[in-house]
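Asker: next come a sequence and a model predicted from it.
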Amino acid sequence: MTSNLIFVTIMVMKRFSEIMLLLVFITAAGCAGLEVQSDKIVVSQHEGPVYEEVLPNGLKVIAIRDENAPLAVFQVWYDAGSIHEQVGKTGLSHLLEHMMFKGTPKYGPKTFSKIIKRAGGIDNAGTSKDFVYYYQKLAPDRLHLSIEMEADRMQNLIMDEKETMSERDVVMEERRMRYEDDPQNLVYEEVLSTAFKNHPYKWPVIGWMEDLRKVTRDDLWDYYKKRYVPNNAFIIVAGNIDVSAVMKKIRTEFGPIPKGLELPALNIEEPLQRGERRVFVNKEAELPYVFCAYKVPNILDKDSYALDILWGVLSGGKSSRIYKSLIDEQRIALSAGASYSNFNRYPFLFYLYGTSMPDKKIEDVEMALYREVDKLKEHPPTEKEVQKAKNQIEADFIMQQDNLHYRAVTLAQFEMIGGLELEGKYLEGVRNVTAEDVQRVAKKYLVKDQRTVGILVPVKKK
């Protein structure tokens, strides 16, 4: 399973690796003769409409026709990311993702993946703080396999006690390798748990080791029955598909699944941070590392577009300010940059980070990062810098059209965060950013009182 929708390096990567933007659309002709219950045709800003339908049990389906796609993709998204866990029971979302491949009475352990593979397709899954999703890529005439098996495991998962504990041990080993044995990821984890005091973004998607040790089969079963229900999920299906036939099959397989309890939306506010927070991680490592995080809004706030451009000016390639200053000119950092995750469901963080050269101090790297931000606060970026950042963001966005899976993921991300209409606003928002906007958001958000800093202090191996 793709647990690297777990997003430690994933979240530190720029959003287009993480979000995988742009979508595909069905033509108007592709909608003719659809058998509709509760339906809506949403017109895209690009090539045509996206077909939406909500089944009586609350399951939403979004269908996209692309006559040029050689394969089809089928994705089921659940509102079951780690933000829905509780203190003392972290890691359930990711562990359940693993267990979803253990089979049902109809399709035994590992049968799902074997059937998809025999049909010439691939399947996988991913877990983030906000969501879990399962997907298959296969020929359009094999979509019935995905529809039948995903509907089956939505309600009939086998969760054997012994198998659950065995998979729990697999996840614990995964945690050791990816976090506890990776110094920089450990710093990232510590910074998040320090930056957020109340919001569940504070705990890692994979869970705390102590919670994983105590998890029970019943904990996982209760989470599955509560969150893996039609009205807490939606489907994205895309490719050179017969929309009418696909929708008929989805209604047949998913329609009879009972609606679950209505789950309240997460309503947790993060208290105002009133001063810098610092955390030090003593860990075996070759070089020290600094990771600075500022609280910032997500894409639902218009300031996110200017923060996007700010990221580009600071860290958008080798000609960006941080690279030129810290790596090329001062030569104090082996690596350094910035990152902004604006496609989170709730306000998240803007990062600055750097690894010092062997003969340099990490304190000098940290101060140099702040100086680059301060320069933008004093004087706005040049029009050339702003335009370069815009071009880079737009190019990354549009390039995702070449991958049907990523386009479907993007559409799902917009749907999850605030609705499909966000897709039509994103590039317009980026294009409208001015140099003064970039200066303004740097002054507003990248301030000391809103900053949490993590320092990796290398120690010798015992």
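Answerer: That came in fine, so what should we check first?

Asker: just the strands from this protein, written as ranges.
Answerer: Remark: strands assigned in the chain by DSSP state E are 39-43, 49-54, 60-65, 72-78, 122-127, 132-138, 233-239, 277-284, 289-296, 333-340, 348-356, 451-459.

Asker: could you dump those strands into a markdown table and include distance to Lys384 and mean pLDDT?
Answerer: Bear in mind the C-beta positions are built from the backbone N, C-alpha and C, glycine included. Listed next are these as a markdown table, based on distance: least, C-beta to C-beta, whole Å; pLDDT from 0 to 100:
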| stretch | distance to Lys384 | mean pLDDT |
| --- | --- | --- |
| strand 39-43 | 36 | 42 |
| strand 49-54 | 37 | 88 |
| strand 60-65 | 37 | 95 |
| strand 72-78 | 39 | 98 |
| strand 122-127 | 37 | 97 |
| strand 132-138 | 39 | 98 |
| strand 233-239 | 38 | 97 |
| strand 277-284 | 36 | 97 |
| strand 289-296 | 25 | 98 |
| strand 333-340 | 19 | 98 |
| strand 348-356 | 23 | 98 |
| strand 451-459 | 29 | 98 |
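
Asker: ok, which of these comes nearest Leu212?
Answerer: Taking C-beta to C-beta, strand 122-127 is the member of the strands of the chain nearest to Leu212, at 13.9 Å.

Asker: what residues of that closest one count as buried?
Answerer: By neighbour count on 16 or more other C-beta atoms under 10 Å, the buried set for strand 122-127 is 123-127.

Asker: now do it: which elements does it pack against?
Answerer: If you count contacts as 3 or more C-beta pairs under 8 Å, 6 or more residues apart in numbering; DSSP states H and E, strand 122-127 packs onto helix 92-99, helix 111-118, strand 132-138.

Asker: which other residues reach the second one?
Answerer: Residues from elsewhere that reach helix 111-118 (C-beta atoms under 8 Å, 6 or more residues apart in numbering): 101, 103, 107, 122-123, 136, 138, 145-146, 149, 153.

Asker: between the strands of the chain, which one is nearest to Asn267?
Answerer: Of the strands of the chain, nearest to Asn267 by C-beta to C-beta is strand 348-356, at 17.2 Å.

Asker: just to revisit the earlier point, turn the helices and strands packed on strand 122-127 into JSON lines, columns for mean neighbour count.
Answerer: Shown next, in JSON lines, are the helices and strands packed on strand 122-127 (neighbours: other C-beta atoms under 10 Å):
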{"stretch": "helix 92-99", "mean neighbour count": "24"}
{"stretch": "helix 111-118", "mean neighbour count": "16"}
{"stretch": "strand 132-138", "mean neighbour count": "24"}
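
Asker: rebuild the ones you listed as a markdown table, extending it with distance to Val50.
Answerer: Formatted as a markdown table, the helices and strands packed on strand 122-127 follow (distance: least, C-beta to C-beta, whole Å):
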| stretch | distance to Val50 |
| --- | --- |
| helix 92-99 | 27 |
| helix 111-118 | 25 |
| strand 132-138 | 18 |
